[in-house]
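Trainee: Sharing a sequence plus its predicted fold:
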Amino acid sequence: MFLLGFISNDLLGFLISQSGFILPAAAIMVGLTLIAFMLYLFAFGSSPKIFLLDFACYKPPSSLACTKEMVIERLRLHGNFSDESLELMKKLMKTSGLGEATYLSEGLLKEPLDMSTEAARKEAEMVVFGAVDELLGKTGVKGEEIGIVVVHSSIFNTVPSLASMIVNRYKLRENVLSYNMSGMGCSAGLLSIGLAKDLLKVHCNSYALVVTTEIITQGCYMGKDPSKLIGNCIFRMGGAAVLLSNRLSDRNDSKYQLIHTVHTNTASSDRSYNCIIQEKDHEGHVGITITKDLLVVASEIIKSNVATLAPLILPASERLLYLINYLIRYFHVASIEPYVPNVKRAVDHFFPHVGAKPILDKVARNLRMSEGQMEASRMTLYRFGNTSSSSVWYELAYAEAKGRIKRGDRVWQIAYGSGFKCSSAFWKAIRTVDREKMNPWSDVIDEFPVVDPHNTEIFPYAFELSKSK
């Protein structure tokens, strides 16, 4: 619109006065306005494309690998657990979907246990620096080139922040935009991608470093409340670093293009808000309470998130079925169930947050995913456990290590966690991804998939819906 300022009244009068120029002044004004509007859209209206150059998942040293029996023994020796609590944790771990070589932090393997701030900070440095060092090595990007940093860790928060820790370690420039997120749960890795995307839309020619982890050293619960024992059995050490760019020159060197992000937040519901919450038990031990509402809350928010994402990615036939179903229900033509779109028709690779086996089972049923489509998530849970917000990146690494990512493939990551929140990221592979040495699966990928011998056993914690809303 600002271009109209250059068109003076004298110029308009001159044009109208010419014998060959018969259009009225109003038509000229409309034409000039349309031209100005088109130029404005061309210059400012189109969002920059967001590319994922590469990512790295931290793989702890073999000295930190633990069997399930080792974890139970550590808890027995150092926790304030009753025999009933230990037996419950043994059953939970047996049927959780975890394998026999997941990782605990150094502090949790020391004699005695070291859950101090210093030990937690050491774990954070191992995971964060390990992942970022590998990522910068793979991409060749230097620290001073990074303009945006987004970091997430739910439980462990320190001063200076983890974001400042990264700025200091890699000597990022003084005007770097740094964001340190906490308490956002297992969905926060993809929430961070959404935040980085929005920042890259307004900061041209930039790199965004996204780091997501969960520091488990101070997250171990040492009391007797059954609802707080699940976290001890499923959460393990890990983290990921992702490098995004809005520079067109980086397209050919990138692996993926970000197509959509969708975020859903149901924290206004008391049931959702309270289904995963950090609190003290009656003896003063801090832990993460996981209520029996979890599966129902997760199912509802996943459906809502998918309903938002589906129109963006589904073929026309699926969108038509969804619309017809919606109209029938909206106008009360008939009493029918909501139509769950067949997202498999729009997705080549599906990577849901691993959670625990009951969560993955529920996701597979609700979205009608085959065991083949659930392979990466189940194997990630088996090999690395629940690494919280970084788990979807270990899953993508699994598919890459298997040589399954081909040019043009559509990749869907979905994560859900406390709040309750759910986030999706939808990507398109720019190129075929070959097997790489710097991959957390590279040394064991040919041994997978494996069959969990306890796959058919029932998880010993009954999830059910409460009466609260």
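Mentor: Looks like it came in fine.

Trainee: Leaving out the residues flanking it, which one is nearest to Leu396?
Mentor: Phe351 (5.8 Å; Cβ to Cβ, 6 or more residues apart in numbering). No exception for glycine: its C-beta is placed from N, CA and C like everyone else's.

Trainee: can you pull up the bridge partners for that neighbour?
Mentor: Gln413 (DSSP bridges).

Trainee: what's the spacing between it and Pro60?
Mentor: Using Cβ to Cβ, to the nearest Å, Phe351 is found at 21 Å from Pro60.

Trainee: again, but for Tyr382
Mentor: For Tyr382 relative to Pro60 (Cβ to Cβ), the value is 16 Å.

Trainee: Scan this protein for its longest helix.
Mentor: Longest helix of the chain, by residue count under DSSP state H: helix 117-139.

Trainee: quick one: buried residues of that one?
Mentor: For helix 117-139, burial by neighbour count (16 or more other Cβ atoms under 10 Å) applies to 119-124, 126-132, 134-136, 138-139.

Trainee: same thing with stretch 285-301?
Mentor: In stretch 285-301, counting by 16+ other Cβ under 10 Å, buried: 285-291, 293-301.

Trainee: Tyr273: what's it in contact with?
Mentor: 267, 419-420 (Cβ atoms under 8 Å, 6 or more residues apart in numbering).

Trainee: one step back: return the alpha-carbon coordinates of the longest helix of the chain using CSV.
Mentor: C-alpha atoms of helix 117-139 as CSV (Å, rounded to 0.1, in the frame of the first residue of the first chain):
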residue,chain,number,x,y,z
THR,A,117,22.6,-30.3,41.7
GLU,A,118,26.3,-30.8,40.8
ALA,A,119,25.5,-34.4,39.6
ALA,A,120,22.5,-33.2,37.7
ARG,A,121,24.5,-30.4,36.0
LYS,A,122,27.1,-33.0,35.0
GLU,A,123,24.4,-35.1,33.4
ALA,A,124,23.1,-32.1,31.6
GLU,A,125,26.6,-31.2,30.2
MET,A,126,27.2,-34.8,29.1
VAL,A,127,23.9,-35.0,27.2
VAL,A,128,23.6,-31.5,25.8
PHE,A,129,27.2,-31.0,24.8
GLY,A,130,27.4,-34.5,23.5
ALA,A,131,24.4,-34.0,21.2
VAL,A,132,25.4,-30.4,20.1
ASP,A,133,29.1,-31.3,19.5
GLU,A,134,28.0,-34.2,17.2
LEU,A,135,25.4,-32.0,15.4
LEU,A,136,27.8,-29.2,14.7
GLY,A,137,30.4,-31.7,13.5
LYS,A,138,27.9,-33.2,11.1
THR,A,139,26.7,-29.9,9.7
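
Trainee: Low-confidence bits of the stretch 51-200 of the chain, can you list those?
Mentor: Of all residues in the stretch 51-200 of the chain, none has pLDDT under 70.

Trainee: hang on, the earlier thing: closest to Asp434 out of the buried residues of stretch 285-301?
Mentor: Nearest to Asp434 among the buried residues of stretch 285-301: Ala298, at 35.2 Å, using Cβ to Cβ.

Trainee: In which helix or strand does Cys233 reside?
Mentor: Secondary structure from DSSP states H and E places Cys233 in helix 230-234.

Trainee: could you point out which element follows that helix?
Mentor: Heading C-terminal from helix 230-234 (DSSP H and E), you reach strand 239-245.

Trainee: Send over that next one as PDB, restricted to the C-alpha atoms.
Mentor: Taking C-alpha atoms only, strand 239-245 is exported to PDB below (Å, rounded to 0.1, in the frame of the first residue of the first chain):
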ATOM      1  CA  GLY A 239      18.600 -36.000  24.600                       C
ATOM      2  CA  ALA A 240      18.700 -34.600  21.100                       C
ATOM      3  CA  ALA A 241      19.900 -31.500  19.200                       C
ATOM      4  CA  VAL A 242      18.300 -30.200  16.000                       C
ATOM      5  CA  LEU A 243      19.500 -27.600  13.600                       C
ATOM      6  CA  LEU A 244      16.900 -25.600  11.600                       C
ATOM      7  CA  SER A 245      17.500 -23.000   8.900                       C
END
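
Trainee: and the helix or strand that comes right after it, which strands flank it?
Mentor: Note on strand 239-245: by DSSP H and E, the next helix or strand toward the C-terminus is strand 256-265. Strand pairing for strand 256-265, using DSSP bridges, gives strand 50-57 (antiparallel), strand 421-429 (antiparallel).

Trainee: Tabulate those strands (TSV), appending mean neighbour count and distance to Arg365.
Mentor: Shown next, in TSV, are the strands paired with strand 256-265 (neighbours: other Cβ atoms under 10 Å; distance: least, Cβ to Cβ, whole Å):
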stretch	mean neighbour count	distance to Arg365
strand 50-57	24	28
strand 421-429	24	17
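
Trainee: Tabulate the ones you listed (a markdown table), appending distance to Glu279.
Mentor: Formatted as a markdown table, those follow (distance: least, Cβ to Cβ, whole Å):
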| stretch | distance to Glu279 |
| --- | --- |
| strand 50-57 | 31 |
| strand 421-429 | 19 |
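
Trainee: The residue nearest the centre of the chain sits in which helix or strand?
Mentor: With distances taken as Cα atoms, centre = their mean, the residue of the chain nearest its centroid is Leu190 (2.9 Å). For Leu190, the host element (DSSP H and E) is helix 188-202.

Trainee: Just want the angle from that helix to strand 256-265.
Mentor: Between helix 188-202 and strand 256-265, the angle comes out at 120 degrees (axes from the mean of the first three to the mean of the last three Cα atoms, to 10 degrees).

Trainee: just checking, what packs against the helix or strand following helix 188-202?
Mentor: For helix 188-202, the following helix or strand on the C-terminal side (DSSP H and E) is strand 207-213. Where contact means 3 or more Cβ pairs under 8 Å, 6 or more residues apart in numbering; DSSP states H and E, strand 207-213 is packed against helix 117-139, strand 146-152, helix 162-170, helix 188-202, strand 239-245.

Trainee: which residues does Met181 bridge with?
Mentor: Beta-bridge partners, per DSSP bridges, of Met181: His152.

Trainee: coming back round to it: could you check how far the nearest residue to the residue nearest to the centre of the chain once chain neighbours are set aside is from Leu199?
Mentor: Counting by Cβ to Cβ, 6+ apart, Ser423 is the residue found nearest to Leu190 once chain neighbours are left out, at 3.7 Å. From Ser423 over to Leu199 the distance is 16 Å, taken as Cβ to Cβ.

Trainee: swap in Ala316?
Mentor: Distance from Ala316 to Leu199, by Cβ to Cβ: 33 Å.

Trainee: For the two, work out which one has more neighbours and name it.
Mentor: Leu199 (18 against 7; other Cβ atoms under 10 Å).

Trainee: That one and Leu177 touch, don't they?
Mentor: Yes. Between Leu199 and Leu177 there is a contact under Cβ atoms under 8 Å: 6.3 Å.
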